[in-house]
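Asker: Here is my input, please return the structure:
(chains A and B)
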Amino acid sequence: MGFFTDTTVCIGCKACEVACKQWNDLASDGAEFRKGGSYDHTGSLGASTWRHVRFVEKLAPSPELKAEAEAAVAAGAGGNVPGIPATRGGDLPSVDELGAAGGGASAEEVPDLVDWAERNDMDRWIFMSDVCKHCTNAGCLDACPTGAIIRTELETVLIQPDVCNGCGYCIAACPFGVITRDPVDGRAGKCTLCYDRLQDGLEPACAKACPTDSIQFGPYEELVQTARGRVQELHQRGIDDAYLFGAGDEPGDELAGGLGAFFLLTEPPERFGLPAEAESPVQENVVPATAAAIGAGLLAAAGVAAAFLGGSRRR
Amino acid sequence: MSDRRDLTPAIGTRAEPGAYRRAAEGAEVALHRRRFADSLWSYLYGRDTRYRAEEVAADRVSAAALRARRGEMPDTVQGPVIQAPVWTWEVPLYFWFGGMAAGSSFVALACDLAADRGSAATARKVALAAAAPCAPLLIADLGRPGRFLNMLRIFKPRSPMSMGAWAMTLFGGLGAAAVAADLTRRPRLASALGGANAVVGGYFGSYTGVLLSSTAVPVWAGSRLFLGPIFVATGAATGAAANRLVLVGAGLPAGHPTRKALSRVEAGAIATELALSAINQRRLGGLSSALEQGAAGRLFRGARRAVLAGLGLRLARRAAPVTQHLASVLYLAGGLAFRYAWLAAGRSSAADHGAVARSARRQ
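Answerer: Coordinates of the predicted model:
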């Protein structure tokens, strides 16, 4: 079983987020704007956010901001999202703020927001309902030292809450930043693909709540067929940027062996905070790293012995 | 191309739930739609949307994905891409103690080989004493400390943390047995147990590097061939320094070969650590900024200064014995700062969204 999330029909209503929180009894994220430099106020996936609707503001950065970002990248600090003006207490941002944040247009040049948005290529918002990818080569599953994380009979990746002891290794081992540790509860948490609902023949809460069928749920092979057809359809309509993130790739080009929850995107993955390539860090690194570490450990023991024996011979 | 996913893990066996029974056997999932419903109201369907006349080939789907993933990277990365590790102050302190314990086990083996039985027994005690705080520190770092024993419910070669938990248990057990053999005057058994513990210590002192490099954090994963060796070098240096101080405190005279050998081990291990770190830093390229800036950079610079000062004190020929001991203390302090620095570097590397996204791109 898997998820196919089609960002071209997502309207950013966050119904999936709310449905997920209600069904799984998760804490709220507060209502603080500008988490992550966006109007999106839930920020990122985590222990209490198993579905997260990411808002991607299509703002073209001004030449100054672009130069600033390039300087930051050159200095090694990394690129950041151009500042998005926050709404303070429900007020609309002023034209000045909007201009300073994304465009580079000044107040005199911008008579109204619509005009500003059109001229600055802020033609739309893109929304993406992000979720645990239920990877084929799942980093969290490989890392988990207690066996709390398992592959279920439904091909999903599940954290067994009664086994997890909150060691935190899965958090750093996830290449998609899906898992965090609940500070109150002490355990790691992530999407279960509504394992409990599936047991009773119900579809997951988010897919059920989605009003536009942006989130689709079903048997994996069928979903991939549907998604392929959708991309072909969009290409036929001239939307050449549409592509599948995590499914339908040739062997060798797959993301973490293929994602159980995959996405239809129209922008490069980094705009959604997704890595362009991903693999289970454990499967990638553990063998060479262990070989180097054990080799070094034995060499160190031998080196210490040599230092002692060399000294005694000299004596 | 097959759509069926091969879920066989690369190493080990696939984890399975204990038992599963569907509420209604063979039931369909209610209300799930098999067909895609078109949505002409989407922004993608403007009034001027034109339909392409020709059919779209099937291989265009994978080609489109590669175009987006291997094409030009956008200027803006709307992170977070990965989550920062949650480990707090206990973990680097554990790395320090664990490394010291492993280093002490090497010293015990070397003393035995050099036929200095008394120092070997002391080194075995130091190894056990350094290993003692490890488990409490690790337990304190857990989100659910009461469930620590879950670590030992499975043996999972794929997971460095599982292997580390077992290595720590084995090291502690062997170390305690060796000390018990010493106390009951069975020197041969103690030497054998101590020798076995040095082999376990080879993994116990270096697996922490494997643990950090088997993560999605770019600066750790990028150092995968170096983190283990660097950690074991720090461990050997701190182990030798701790043993030197303990043995001197117990009355080992100046000029004793063991004391000289320990000084050599300290200096050699620190020099190896510094050399490996320098090579690794050069290899990392742009990622090395995580090692140079912020809290991690300050810790690394402080640690380097401390161990270089220690080396300098050792080289000063006519130095008083106290300054020689100060050098050992500086090695211990530097080793501790190195451990905290690596953790801090991982935290800042994970928070640098641009760097994470760049390192994920296929070069």
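
Asker: Name the residue of the stretch 101-250 of chain B that lies nearest to chain A.
Answerer: The nearest approach of the stretch 101-250 of chain B to chain A comes at B:G143, 2.0 Å away (Cβ to the nearest Cβ). C-beta: built from backbone N, CA, C; applies to glycine.

Asker: And A:T226, which helix or strand is it part of?
Answerer: helix A:220-236 (DSSP states H and E).

Asker: for A:I171, same thing?
Answerer: A:I171 is part of helix A:169-173, with elements assigned from DSSP H and E.

Asker: Please report the distance of the residue lying closest to the residue of the stretch 101-250 of chain B closest to chain A once chain neighbours are set aside from B:L128.
Answerer: Distances taken as Cβ to Cβ, 6 or more residues apart in numbering or on different chains place A:G166 nearest to B:G143, at 2.0 Å, with adjacent residues excluded. A:G166 sits 28 Å away from B:L128, going by Cβ to Cβ, to the nearest Å.

Asker: same check, this time on B:F97
Answerer: Distance, B:F97 to B:L128, using Cβ to Cβ: 11 Å.

Asker: in which helix or strand would I find residue 239?
Answerer: Answering for chain A, as no chain was given. For A:I239, there is no host helix or strand (DSSP H and E).

Asker: should've been chain B
Answerer: B:G239 is located in helix B:224-249, with elements delineated by DSSP H and E.

Asker: Would you mark the buried spots in that helix?
Answerer: B:224-248 (16 or more other Cβ atoms under 10 Å in any protein chain shown).

Asker: So whichever residue of chain A sits closest to chain B, which state does it fall into?
Answerer: Here chain A gets closest to chain B at one residue, A:G166, 2.0 Å apart by Cβ to the nearest Cβ. Following DSSP: H, G, I helix; E, B strand; the rest coil, we place A:G166 in the coil state.

Asker: Report whether stretch A:230-239 contacts chain B.
Answerer: Yes: Stretch A:230-239 reaches chain B (Cβ under 8 Å from any Cβ of the partner chain) through A:230-239.

Asker: ok, the residues you listed vs B:T215, which is closest?
Answerer: Taking Cβ to Cβ as the measure, B:T215 sits nearest to A:V231 out of the residues of stretch A:230-239 next to chain B, at 32.5 Å.

Asker: Who are the contact partners of that closest one?
Answerer: A:V231 makes contacts with A:242-244, A:248, A:264, B:60-61, B:64, as judged by Cβ atoms under 8 Å, 6 or more residues apart in numbering or on different chains.

Asker: so which pair among those is furthest apart in space?
Answerer: A:L264 and B:R60 (13.7 Å).

Asker: who's in contact with the residue nearest to B:G143?
Answerer: Residues counted as contacts of A:G166 (Cβ under 8 Å, 6+ apart) are A:181, A:186-188, B:142-144, B:147.

Asker: could you pull out the helices for the chain?
Answerer: No chain was given, so I picked chain A. In chain A, the helices defined using DSSP state H lie at A:15-24, A:63-74, A:95-98, A:113-119, A:139-143, A:169-173, A:195-199, A:205-209, A:220-236, A:281-314.

Asker: Not quite, go with chain B.
Answerer: B:60-70, B:90-113, B:117-131, B:134-141, B:160-183, B:187-204, B:207-213, B:218-222, B:224-249, B:257-284, B:289-292, B:294-315, B:321-351, B:353-360.

Asker: re the thing from before, which of the residues of stretch A:230-239 next to chain B tops the neighbour count?
Answerer: The most neighbours of any of the residues of stretch A:230-239 next to chain B, using other Cβ atoms under 10 Å in any protein chain shown, belong to A:V231, which has 24 neighbours.

Asker: how many other residues sit next to the residue lying closest to that residue once chain neighbours are set aside?
Answerer: Computed as Cβ to Cβ, 6+ apart, the closest residue to A:V231 that is not its neighbour in sequence is B:V61, at 4.8 Å. Counted by other Cβ under 10 Å, the residues lying close to B:V61 total 23.

Asker: With B:A275 instead?
Answerer: Using other Cβ under 10 Å, B:A275 has 12 neighbouring residues.

Asker: Then the one 5 residues further on?
Answerer: Other residues near B:N280 come to 20 when the count uses other Cβ under 10 Å.

Asker: Quick check: pLDDT value at the residue nearest to it when sequence neighbours are not counted.
Answerer: The spatially closest residue to B:N280, leaving aside those adjacent along the chain, is B:F226, at 4.0 Å (Cβ to Cβ, 6+ apart). Note on B:F226: pLDDT of 96.

Asker: Surely B:F226 touches B:E273?
Answerer: No: with contact defined as Cβ atoms under 8 Å, B:F226 does not count as touching B:E273 (10.4 Å).

Asker: Pull the contacting residues for the residue nearest to A:A173 when sequence neighbours are not counted.
Answerer: Leaving aside its sequence neighbours, A:A173 sits nearest to A:A143 (Cβ to Cβ, 6+ apart; 3.6 Å). Listed by Cβ under 8 Å, 6+ apart, the contact partners of A:A143 are A:169-170, A:172-173, A:281-282, B:159-161, B:214-215.

Asker: average pLDDT for the helix holding A:T226?
Answerer: Mean per-residue pLDDT for helix A:220-236: 88.
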